[in-house]
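**Q** only geometry, no sequence info:
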């Protein structure tokens, strides 16, 4: 995970999977939750090979919201990963 502090905050999370299919499935599972996000926050994500990359951007005054959203997205990703493990 990396972060940049300038006029705001950018955090990049890389999730590594054992197959490209799992990375794509988890990426798809996160899409619905990334549509209705708080003002001043943006989320981009994509799966490439075995990696799911999620990039969070927030205005400087929205850091608390960014952290709460990051926590929520990672919890959903964890639930998706757990579900895949059982299938």
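**A** That came through, no problem. Computed from a predicted model, the values in this text were never measured in an experiment.

**Q** residue 73: neighbouring residues, count only.
**A** Residues contacting residue 73 under the criterion other CB atoms under 10 Å number 19. In short, each C-beta sits where N, CA and C put it, glycine included.

**Q** what about it, distance to residue 40?
**A** According to CB to CB, to the nearest Å, residue 73 stands 16 Å off from residue 40.

**Q** give the ranges of residues in this structure that sit below the confidence cut-off.
**A** 1-6, 33-34, 60-62, 87 (pLDDT under 70).

**Q** centroid-nearest residue for it?
**A** Nearest to the geometric centre of the chain sits residue 54, at 3.9 Å (CA atoms, centre = their mean).

**Q** list the beta-bridge partners for that residue.
**A** residue 13, residue 45 (DSSP bridges).

**Q** quick check, it in contact with residue 31.
**A** No - when contacts are counted by CB atoms under 8 Å, residue 54 is not listed as touching residue 31 (11.3 Å).

**Q** what touches both of those two?
**A** residue 45 (CB atoms under 8 Å, 6 or more residues apart in numbering).
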